[in-house]
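**Q** What follows is a predicted structure for the sequence shown.
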Amino acid sequence: TRFAVWLVGFYAAPLLHVVFTSVFAAAGFAYGYGRGHLPVIHPDILEALVIGLAIIILIEIYMNDGFHKLGIRSFIPRVRFVNAMFDEGRLKIDRELKEYQKLLFYLTDYGKNRAFYGPFHVAVVLGTVLVFEYMFLHTGHGDIYLQAALVTLPIHVLFVYVTADLHMGRYRSLVKRQLFFMGHEPPNEYSISLKLKFASILFVIALSDYILISLLRSEVAKSSGGYAYIIGFSLFSLALLMALTILLFSSIFASIKELQLAAMSLQEGHDPDFYSQTSDQELATLSTGFFNAAQRVLNYRRDLEHQIREATAHLSAANEELKAKDHEIQTELDFAAEIQKDMIPHAHPPWQAIQFGIIFKPMQKVSGDFLNIYKKDNAIFALLADVSGHGVPAALITMAANDAFGLAIRNSDSPAAVFRDVNTQLSEQIKTQDYLTAFLVRIDERLHITYANASHQKALHFRRKFNTIESYDTNGLFIGAMADATGTYEE
């Protein structure tokens, strides 16, 4: 076929299939029919048959622009147009949209168009045979030749249609793909209905049965070797029917296979890249419907992927923004943690033979736990406190509480009085539900201790000499939540 395309042009190339299928099949069928009704076929009739076939092949080559390399062009406009759209079998991709739409119509209609020439082919061959018969031979068998031509005509027409349509299937697919790449949906072009194909097969089967019956009734059947000839011709007819049926059904099976592969590709999430080769009405409609449905699914998937990409981009941008904010917050928290650490003593020199050991390990960078040691005259105060909650709010309250305790201790030597003063101050300053617990101990120069507890954990006193542990506790509500708690503190 590739050589034929180069030699005679794109549109004339399917003639190669016609020669090897329809011509041989139809000519053989006609000869078999004539041989079955005539004792002897004149050798010159066979020569006339070959001459008629040669004439029709030459006419077909000319009509399909097969002599264009010799400067002889076809007079048929659609033939010249189709040949101009291909370069040695390769579709040109630099043409206009309307040209591709027109080309698709011509390629789809090609098989049916060639079938319309079938009666012309048979008429030319029959005319050649009859010319020899009536002008030279005078055998008196003209009616048999006419019958042979009539019974051969359906076989020839079907072979011409099937071979031409199958040849153009791949090129129809190429044109549909080109239309899609140009941004246009390929039109639903079709040639004939499957019903007509099945009806034609049934007609040919009925015709073969008729021919077989006529052969059994003919004089040939009564001659020696007649039945052997009839059996041979029946096998030949059966082979032709099988070949014709296979060719007809191959397009159907090819279309079903295309749909199957496209469905599997779509199921796996790929673009099916499906451009049907069929020209059958039902299969073309089914393929077009599947193509449109597949494109909708792909468009939905692309839209969804686009939305996901946009959402991912927004999330990535938001995440980067959050990271920047978090970095800024962490930097500020580090700064606040340093301020809180500077507020809390991590060591204290001995005082009146008392050693101080301090461990401060907050759960987070800043916290509501704090402690401090206050010196006043000939006494020293040690404070442990815990603000409700944690994090930045609690850390801010510790700073306010630390200042409040320092001011209260300067004004009083009594731990309980200090709690009352601090509770009054913080109750006015804290507008939230936060509060703090605290334990405050005062040690004078004689090492006498006075302490008060505002709902904090009990203080523990380990007496090494006696190896005992004493716990110190008093009544007192937490500080900062209720101004009425002032009278609950004891020491």
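**A** Arrived safely.

**Q** okay but residue 274 is in contact with residue 290, surely?
**A** Yes. Under the criterion of CB atoms under 8 Å, residue 274 lies in contact with residue 290, with a separation of 7.1 Å. C-betas here are computed from N, CA, C, even on glycine.

**Q** Compare those two (neighbour count), which wins?
**A** residue 274 (21 against 18; other CB atoms under 10 Å).

**Q** residues contacting the more buried one?
**A** In this structure, residue 274 makes contact with 258-259, 261-262, 265, 287, 290-291, 294, judged by CB atoms under 8 Å, 6 or more residues apart in numbering.

**Q** got any residues that touch both of residue 274 and residue 290?
**A** Contact with both residue 274 and residue 290 is made by residues 259, 262, according to CB under 8 Å, 6+ apart.

**Q** Need the single longest helix in the protein, by residues.
**A** Counting residues, the longest helix found in the chain (DSSP state H) is helix 281-343.

**Q** Not counting stretch 328-346 itself, show me its contacts.
**A** Outside stretch 328-346, the residues within contact range by CB under 8 Å, 6+ apart are 358, 360, 362, 365-367, 370-373, 392, 395, 398-399, 402.

**Q** Distance from that stretch to the middle of the chain?
**A** On the basis of CA atoms, centre = their mean, to the nearest Å, stretch 328-346 sits 54 Å off its chain's mean C-alpha point.

**Q** Can you list the buried residues in it?
**A** If you call a residue buried by 16 or more other CB atoms under 10 Å, then stretch 328-346 has these buried ones: 333, 336-337, 340, 344.

**Q** cool, stretch 38-53 as well?
**A** Within stretch 38-53, the residues that qualify as buried by neighbour count (16+ other CB under 10 Å) are 38, 41, 45, 48-49, 52-53.

**Q** Rebuild these as TSV, extending it with distance to residue 307 and pLDDT.
**A** Written out in TSV, the entries for these read as follows (distance: CB to CB, whole Å; pLDDT from 0 to 100):
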residue	distance to residue 307	pLDDT
38	78	77
41	77	79
45	76	85
48	74	88
49	70	84
52	68	87
53	65	84
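
**Q** quick revisit: pull out the buried members of the contacts of residue 274.
**A** With burial judged by 16+ other CB under 10 Å, the buried subset of these is 258-259, 262, 287, 290-291, 294.

**Q** mind checking the SS state of the spatially most central residue of the chain?
**A** By CA atoms, centre = their mean, the chain has its centre lying nearest to residue 269, at 3.5 Å. Under the three-state scheme (DSSP: H, G, I helix; E, B strand; the rest coil), the conformation of residue 269 reads as coil.

**Q** Now do the nearest residue to it once chain neighbours are set aside: how many residues are near it, please.
**A** Excluding its sequence neighbours, the residue lying closest to residue 269 (CB to CB, 6 or more residues apart in numbering) is residue 301, at 7.5 Å. Residues contacting residue 301 under the criterion other CB under 10 Å number 13.

**Q** ditto for residue 25
**A** So residue 25, with other CB under 10 Å, has 20 neighbours.

**Q** For it, what is the enclosing helix or strand?
**A** Residue 25 belongs to helix 24-37 when elements are defined using DSSP states H and E.

**Q** Next, work out how far apart residue 69 and residue 88 are.
**A** Residue 69 sits 12 Å away from residue 88 when distances are taken as CB to CB, to the nearest Å.

**Q** how about the helices in this protein?
**A** Listed in chain order, the helices of the chain (DSSP H) span 2-8, 15-18, 24-37, 43-63, 77-84, 97-116, 118-132, 142-181, 194-217, 226-267, 281-343, 392-411, 415-429.

**Q** Now distance to residue 377 too, for those, in a markdown table please.
**A** As requested, the helices of the chain are arranged in a markdown table below (distance: least, CB to CB, whole Å):
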| stretch | distance to residue 377 |
| --- | --- |
| helix 2-8 | 115 |
| helix 15-18 | 121 |
| helix 24-37 | 130 |
| helix 43-63 | 129 |
| helix 77-84 | 115 |
| helix 97-116 | 103 |
| helix 118-132 | 130 |
| helix 142-181 | 96 |
| helix 194-217 | 114 |
| helix 226-267 | 89 |
| helix 281-343 | 23 |
| helix 392-411 | 10 |
| helix 415-429 | 15 |
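
**Q** Which of those helices has the lowest mean pLDDT?
**A** Lowest mean pLDDT within the helices of the chain: helix 15-18, a mean of 61.

**Q** still on that earlier bit, most widely separated two among the contacts of stretch 328-346?
**A** Farthest apart among these by CB to CB are 373 and 392. That separation is 25.0 Å.

**Q** Pick out whichever of these two has more residues nearby.
**A** Neighbour count, other CB under 10 Å: between residue 373 and residue 392, residue 392 has more, with 17 against 14.

**Q** mind listing what that one touches?
**A** Taking CB under 8 Å, 6+ apart as the contact definition, residue 392 lies against 333, 336, 366.

**Q** Skipping adjacent residues, who's closest to residue 470 in space?
**A** Using CB to CB, 6+ apart and skipping the chain neighbours, the partner closest in space to residue 470 is residue 461 (4.4 Å).

**Q** err, residue 423, not the other one
**A** residue 479 (4.7 Å).

**Q** Verify the contact between the one you found and residue 486 for me.
**A** No. Because the distance of 9.7 Å does not satisfy CB under 8 Å, residue 479 is recorded as not touching residue 486.

**Q** Compare these two and say which one has the larger neighbour count.
**A** Set side by side, residue 479 and residue 486 show more neighbours around residue 479, with 30 against 18, by other CB under 10 Å.

**Q** OK, contacts around the more buried one?
**A** Under the contact definition (CB under 8 Å, 6+ apart), the residues listed for residue 479 are 401, 419, 422-423, 426, 435-438, 454, 485.

**Q** Could I get these in TSV, plus columns for distance to residue 215 and neighbour count?
**A** As requested, those are arranged in TSV below (distance: CB to CB, whole Å; neighbours: other CB atoms under 10 Å):
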residue	distance to residue 215	neighbour count
401	122	25
419	129	29
422	128	29
423	127	30
426	123	22
435	118	23
436	119	28
437	120	20
438	124	27
454	125	28
485	125	21
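
**Q** Farthest pair within these?
**A** Distance extremes for those: the farthest pair is 401 and 485 at 14.7 Å, using CB to CB.

**Q** what sits against residue 273?
**A** By CB under 8 Å, 6+ apart, the residues touching residue 273 are 177, 262, 265.

**Q** Would you reformat the residues you listed as CSV and include distance to residue 108?
**A** Conversion of the contacts of residue 273 to CSV gives the following (distance: CB to CB, whole Å):
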residue, distance to residue 108
177, 15
262, 20
265, 24
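
**Q** of these, closest to residue 124?
**A** Using CB to CB, residue 177 is the member of the contacts of residue 273 that lies nearest residue 124, at 38.2 Å.

**Q** what about the closest one, how many residues close to it?
**A** For residue 177, the number of neighbouring residues by other CB under 10 Å comes to 15.

**Q** isn't it right up against residue 275?
**A** Yes. At 4.7 Å, residue 177 counts as touching residue 275 under the criterion of CB under 8 Å.

**Q** The residue nearest to residue 111 when sequence neighbours are not counted: neighbour count?
**A** Counting by CB to CB, 6+ apart, residue 165 is the residue found nearest to residue 111 once chain neighbours are left out, at 3.0 Å. Other residues lying near residue 165 total 28 when counted by other CB under 10 Å.

**Q** mind checking how far residue 165 is from residue 274?
**A** The span separating residue 165 from residue 274 equals 19 Å under the rule CB to CB.

**Q** Kindly report the same for residue 250.
**A** Relative to residue 274, and taking CB to CB, residue 250 is found at 19 Å.
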